[in-house]
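[1] the following comprises the amino acid sequence and a computationally predicted model.
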Amino acid sequence: MVRFSAKSRHSTFCVLCQTVIDILVRHAFDNIDRFTTQQRRAIEKLWASIHEQQTRRRNGKFVTGKLDMNGFECVVRC
């Protein structure tokens with residue numbers, strides 16, 4: 001049985017959470033016509049932020065002091 005340290009589990013959990021957030025915001029952005037004007041503005045801001053983070057990760061630039069990728073990006077690159 002493989003045991004992971006608490007730090008490793010936390011890191012994996014954060015990567016998975018970021019993946020879920022990225023997917024949900026992308027889904028909301030793809031279906032933006034279903035939302036109110038106020039909600040659309042919030043979704044557009046979230047998508048712009050996530051898209052910028054994805055671009056930085058793709059280019060190898062640091063967002064939080066380390067090269068952080070979401071779970072999907074990690075699987076694709078590794």
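    That came in fine, so what should we check first? None of these values were measured; they are calculated from a predicted model. Residues are numbered from 1 along each chain as shown.

[2] which stretches of this protein have low pLDDT?
    Within the chain, the stretches with pLDDT under 70 are 1-15, 61-78.

[3] so which strand or helix has residue 49?
    Here residue 49 sits within helix 37-58, counting by DSSP states H and E.

[4] ditto for residue 21
    Counting by DSSP H and E, the element that carries residue 21 is helix 6-30.

[5] contacting residues around stretch 33-49?
    Stretch 33-49 is contacted from outside by 25-26, 28-29, 32, using CB atoms under 8 Å, 6 or more residues apart in numbering. C-beta coordinates here come from the backbone N, C-alpha and C atoms, glycine included.

[6] same thing but at 7 Å, please
    Stretch 33-49 is contacted from outside by 25, 28-29, 32, using CB atoms under 7 Å, 6 or more residues apart in numbering.

[7] rewinding a little: export only the CA atoms of the helix holding residue 49, formatted as CSV.
    The C-alpha trace of helix 37-58 is given here as CSV (Å, rounded to 0.1, in the frame of the first residue of the first chain):
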residue,chain,number,x,y,z
THR,A,37,-26.5,40.5,-17.2
GLN,A,38,-25.0,40.8,-13.7
GLN,A,39,-24.1,37.1,-13.7
ARG,A,40,-22.7,37.3,-17.2
ARG,A,41,-20.3,40.1,-16.1
ALA,A,42,-19.1,37.9,-13.2
ILE,A,43,-18.7,34.8,-15.4
GLU,A,44,-16.7,36.9,-18.0
LYS,A,45,-14.4,38.1,-15.2
LEU,A,46,-13.9,34.6,-13.9
TRP,A,47,-13.2,33.2,-17.4
ALA,A,48,-10.7,36.0,-18.2
SER,A,49,-8.8,35.2,-15.0
ILE,A,50,-8.8,31.5,-15.5
HIS,A,51,-7.9,31.9,-19.2
GLU,A,52,-4.9,34.1,-18.1
GLN,A,53,-3.8,31.5,-15.6
GLN,A,54,-4.0,28.7,-18.2
THR,A,55,-2.0,30.8,-20.6
ARG,A,56,0.7,31.5,-18.0
ARG,A,57,0.9,27.8,-17.1
ARG,A,58,1.1,26.8,-20.7
